[in-house]
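> Next one to model:
(one chain, ligands or ions: 1)
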Amino acid sequence: MKNAKNNSRREWFKKGALAAGALALTPMDIWGKAVEEASVKKQKFIFDAGYGGLNEFTPPKFPDLSTVKARLLWNENPYGPSPKASIAFQKAVYEGNHYSWNSLGNLVDKISKKEGVSPQQIMMGPGSSDLLEKTAMVYFKNGGNVVCGDPCYMSLVHVAKASGGDWKPVKLTKDFQHDLEAMEAAIDKNTKLVYITNPNNPTATITDTKKLYDFCERVSEKVPIFIDEAYIELSEGGLANSMAPLVAKGKNIFVARTFSKIYGMAGLRIGYMLGNAESLKKINEITRGGMGITGPTIAAASASMEDEVFLSECKSKITYAKKFTYNLLNEKGINYLPSQTNFVLFPIPLKGDEFLEKIYEHKVVVRTFNFWDQDWCRVSMGTEEEMNYFAKAINEILV
Ligand SMILES: Cc1ncc(COP(=O)(O)O)c(C=O)c1O
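You can find the predicted model right below:
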């Protein structure tokens, strides 16, 4: 047992260390060709945002989570929450008889200082999904369309459709960035919102910051733009890639952030959205942002904003797990997409449900997608132990 552990530890270090060099070899050209080939075929876009509504295959029965050895499915941070956040959460339970408007107001002030915007330019919610969905409900209640990437995260799009809106997906470029030119061309008189997930889910890729900034600054004069930055802290430049400065400049742009990813608080449910004060007022009048957030969660979020050491340690461990994964996939000759998030997407040579059935047998849970006539696996970055289980499963399934 001890030996097995040492071996897998050696594997972990070996893969992590080798990957930096291997990364340089990642052939984006091969991708370019694959994307071009896929785009001449009939565009097929099947994506399940967790609602099942857009999913054309039934995933195999999920293993009992208590038996799972590697939970690599929801892009969670395995190291969170920060110990400071956990202590603050527990202390705040004793204040549970009160509504939390005061502490929420203090958190909003803290966020306003961090982001350089006024408190009126901030709306809080129990997770950023809540804010994506509320925005969609308000913007699409009288129809219209949302221009977004293909593929992208579907939460906002799904609610836009359910509220009566249409969906105008625009294929990502061959290097998996948002095709800003094509997105601008897709805007018509019925477009109510442009939605951009940056970095993107499920591709894990980022759109060039300068190009995106210029696009947002110019195009937001015509139509509001929603930038979902759930993974921005995990990208190479971190917050320097954010579009928040445009909100500070008063542009008609929304920027959504979450405590679910780098902060490791997915189960505690808190996120926020920055936006033009008038636009946020329009959403707040109907939906009331902060009502669904508990006092302990607010206390935990506030404490973790101050725990810079925890955040940078998480980012380093996640970066290391990515290198381990790249190396594993390089060994298998699989052209993964270099990740700017805490997950990695790679093509699989078998059907998504077949792959899931096999990997579930190893008690490893990941996610599969089908888009552009290709099946893909998305694996979230877990602990060393989880990544070793994943590697073992991949080595047995993709021989
Ligand atoms: C791109 C993106 N946006 C938003 C969310 C929602 O996160 P939460 O509601 O936990 O803040 C997720 C979750 O995976 C995501 O991937």
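> In stretch 133-144, which residues are buried?
For stretch 133-144, the neighbour count (16 or more other CB atoms under 10 Å) marks 133-140, 144 as buried. For the C-beta atoms, the positions are set from N, CA and C on the backbone; glycine is no exception.
> with those residues in mind, which one is nearest to the ligand?
Nearest to the ligand, judged by CB to the nearest ligand atom, of the buried residues of stretch 133-144 is E133 at 9.1 Å.
> helix/strand/coil for the closest one?
Here E133 is helix, with the state taken from DSSP: H, G, I helix; E, B strand; the rest coil.
> ok, so what distance separates it from I225?
18 Å (CB to CB, to the nearest Å).
> now M305
M305 is 26 Å from I225, by CB to CB.
> between the two, who's got more neighbours?
I225 (24 against 18; other CB atoms under 10 Å).
> Got phi/psi on the more buried one?
Main-chain torsions, I225, degrees, to the nearest 10: phi -120, psi 130.
> what does T383 give?
phi -70, psi 170.
> For it, the count of nearby residues, please.
15.
> mind checking pLDDT for the closest residue to it other than its chain neighbours?
Nearest-residue entry for T383: P78, 4.9 Å, with adjacent residues in sequence omitted and distances by CB to CB, 6 or more residues apart in numbering. pLDDT, P78: 98.
> how about P78, secondary structure?
coil.
> hang on, it packs against E386?
Yes - with contact defined as CB atoms under 8 Å, P78 reaches E386; the gap is 6.9 Å.
> who touches both of these two?
Both P78 and E386 are contacted by R71, under the criterion CB atoms under 8 Å, 6 or more residues apart in numbering.
> Quick one: list the elements packing against the helix or strand harbouring M123.
M123 belongs to strand 122-125 when assigned by DSSP states H and E. Counting contacts by 3 or more CB pairs under 8 Å, 6 or more residues apart in numbering; DSSP states H and E, strand 122-125 is packed against helix 101-115, helix 128-139, strand 271-274, helix 277-287.
> Now these in TSV, please, with extra columns for distance to K363 and mean pLDDT.
Formatted as TSV, the helices and strands packed on strand 122-125 follow (distance: least, CB to CB, whole Å; pLDDT from 0 to 100):
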stretch	distance to K363	mean pLDDT
helix 101-115	38	97
helix 128-139	27	96
strand 271-274	30	98
helix 277-287	40	91
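> Need the winner for burial among these.
With neighbours taken as mean count of other CB atoms under 10 Å, the helices and strands packed on strand 122-125 reach their highest mean count in strand 271-274, at a mean of 26.
> Can you tell me what sits against that one?
So strand 271-274 is contacted by 111, 115, 117, 121-131, 135, 244, 247, 254-260, 280, 289 (CB under 8 Å, 6+ apart).
> and those near the ligand, which?
Among those, the residues lying close to the ligand (CB under 6 Å from any ligand atom) are 127-129, 258, 260.
> quick revisit: considering the buried residues of stretch 133-144, which is situated nearest to A186?
A186 has its nearest neighbour among the buried residues of stretch 133-144 in G144, at 13.2 Å by CB to CB.
> I'd guessed the closest one sits against G165; true?
Yes - with contacts counted by CB under 8 Å, G144 reaches G165, the gap being 5.3 Å.
> what sits in contact with each of the two?
In contact with both G144 and G165: K192, using CB under 8 Å, 6+ apart.
> how about the strands of this protein, start to end?
Secondary structure of the chain (DSSP state E): strands at 45-46, 70-71, 122-125, 145-150, 166-171, 191-197, 225-228, 253-258, 271-274, 343-347, 364-365, 367-371, 374-380.
> list the helices and strands the second one packs on?
What that stands for is strand 70-71. Using 3+ CB pairs under 8 Å, 6+ apart, strand 70-71 sits against strand 364-365, helix 384-397.
> Nearest to I334, out of the ones you listed?
Short answer: helix 384-397, nearest of the helices and strands packed on strand 70-71 by CB to CB, at 8.8 Å.
> what does the closest one rub up against?
Outside helix 384-397, the residues that touch it by CB under 8 Å, 6+ apart are 8-9, 11-12, 15, 69-72, 78, 321, 324-325, 328-329, 332, 355, 358-359, 362-364, 366, 379, 381-382.
> And the closest residue to S235 other than its chain neighbours, how close does it get to S129?
In space, and not counting its chain neighbours, S235 is closest to Q340: 4.1 Å by CB to CB, 6+ apart. For Q340, the distance to S129 (CB to CB) stands at 20 Å.
> One more: A85?
20 Å.
> what do you get for N241?
Taking CB to CB, one finds N241 at 21 Å from S129.
> Ok, P169 next?
Following CB to CB, the distance that separates P169 from S129 is 19 Å.
> Any stretches of the stretch 51-200 of the chain with poor pLDDT?
51-59 (pLDDT under 70).
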